[in-house]
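> Turn this into a structure:
(chains A, B, C and D)
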There are 2 protein chains.
Amino acid sequence: MARTQGSHSGITGPRIRDAALRLFAQHGFAAVSMRQIAKEVGVQAGALYNYTPDKQSLLFHLMEGHMTELLATWQDQPRNGGALSQLEAFTRFHIRFHMQRPDAVFIAYMELRNLSPQNFTAIESLRREYENTLEAILKQGVAERVFSVPDTKIATLAVIAMLNGVNTWYRAGGRLSLDEVETTYWQMVRRAMAV
Amino acid sequence: MARTQGSHSGITGPRIRDAALRLFAQHGFAAVSMRQIAKEVGVQAGALYNYTPDKQSLLFHLMEGHMTELLATWQDQPRNGGALSQLEAFTRFHIRFHMQRPDAVFIAYMELRNLSPQNFTAIESLRREYENTLEAILKQGVAERVFSVPDTKIATLAVIAMLNGVNTWYRAGGRLSLDEVETTYWQMVRRAMAV
DNA sequence: GTCTATAGATCGATAGAC
DNA sequence: GTCTATCGATCTATAGAC
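You can find the predicted model right below:
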């Protein structure tokens, strides 16, 4: 029977974030109304404001949570060997991590322009931090003389852009396993960077 | 003195497309109102409907025009030599063409989800056509034994994703000239594909 | 913590005057 | 071809009952 008041389920907060993540990724932040999110969760629109002060803050915390988790997970990866094996680890990690949360990735790259100026600065700072970890690997490889790149900053952005492309076409259950995709991209990245 | 009726300038149509292109790229299709576009052009909102039946059609024709011009310009490029020189030509063409119209590129990749289903199909078809011209070069190179790629379809998407990344960071007047950027990316593409 | 109800703003699109 | 004016829908966010 329909419950119309006081659900008190205790999990409304996560359900709001899940619904918002999916709807923002599918239709875009500006195209999704608070009423749509509420309907998806099964509450009225007003109830959302018990969990977020406004729509902008909801978007920001989705993006911030994603970037923070990305950085923390990468920092926790085992790190050993020279620059070449570290670059392979980065390549495989990046593809795997991003394939596991396509909606969050989509939002983090597409909705930057819908952030308030100070929220934008915060997210950009996290993104730069992630890019810097890759650039450090490339610089180390150049010093070790195992990589040959004319410009480590451009190479960093080129590698990340190439790897991000996986999200636009790969679907689980397709022609290739995720491991095969990782291996294919790793070959291209390795040859593009290695001497 | 302010003219409030009957401008008859004869160039309102292009100005509407220019304003819409810039505003859609900056704020996103869903976040831009017809009133904003009209204000930018210097007319009232109602006047826009002399040039487009609705907002969706305005978006579609911007994207269709961009993709059609992309295909036509690439087809007009001189094409000679083997697969290696054709891949270099593609790389340099792609970077140059896309850097010259960042707003159109941004819209063509970001606003797909705001197209009606049949408009989406039409744009996707044009995009696939463009991708196919690159894949043909890669296949030719594999046949010539100058390229070594495990999967020409993935390699196609990887190269385009990498090259598209230029638009996210390059600004005219920066540290590198466009020609230097082309050369840098061409080195990475060449080494990623060549035997 | 969720509901109903609504304030106040803004939206896409249209009608009819000039 | 552009204007003014407006319809009807929808939006974010808030107020107050339960």
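
> Quick one: low-confidence residue ranges for chain A.
A:1-9 (pLDDT under 70).

> So for it, which residue is the most central one in space?
By CA atoms, centre = their mean, chain A has its centre lying nearest to residue A:105, at 3.4 Å.

> and the angle for the strand or helix carrying that residue with helix B:102-110?
Assigned by DSSP states H and E, residue A:105 belongs to helix A:102-110. Orientation of helix A:102-110 against helix B:102-110 (axes from the mean of the first three to the mean of the last three CA atoms, to 10 degrees) gives an angle of 170 degrees.

> tell me what helix A:102-110 is packed against?
When contacts are defined as 3 or more CB pairs under 8 Å, 6 or more residues apart in numbering or on different chains; DSSP states H and E, helix A:102-110 packs onto helix A:12-27, helix A:55-76, helix A:166-169. Where you see a C-beta, it was placed from the backbone N, CA and C, and this is true even at glycine.

> re the thing from before, apart from its neighbours in sequence, what residue is nearest the residue nearest to the centre of chain A?
Beyond its immediate neighbours in the sequence, the residue positioned closest to residue A:105 (CB to CB, 6 or more residues apart in numbering or on different chains) is residue A:98, lying 4.9 Å away.

> Quickly find the element holding the one you found.
Using DSSP H and E, residue A:98 sits in helix A:83-99.

> So what touches that helix?
A:70, A:73-74, A:77-79, A:105, A:133-134, A:137-138, A:140-141, A:144, A:146-147, A:159-160, A:163-164, A:166-167, A:170, A:172, A:178, A:181-182, A:185-186, A:189-190, A:193-194 (CB atoms under 8 Å, 6 or more residues apart in numbering or on different chains).

> again, 6 Å this time
For helix A:83-99, contacts defined as CB atoms under 6 Å, 6 or more residues apart in numbering or on different chains pick out A:77, A:105, A:134, A:137, A:140-141, A:144, A:146, A:163, A:166-167, A:182, A:186, A:189.

> repeat for stretch A:38-57
A:13, A:15, A:16, A:19, A:34, A:35, A:58, A:116.

> ok so, going back, just send the helices and strands packed on helix A:102-110 back as a markdown table, with mean neighbour count too.
Shown next, in a markdown table, are these (neighbours: other CB atoms under 10 Å in any protein chain shown):
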| stretch | mean neighbour count |
| --- | --- |
| helix A:12-27 | 18 |
| helix A:55-76 | 16 |
| helix A:166-169 | 16 |
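
> Kindly report the residues of chain A close to DNA strand D.
A:5-6, A:32-36, A:45-46, A:49, A:53-56 (CB under 7 Å from any atom of the strand).
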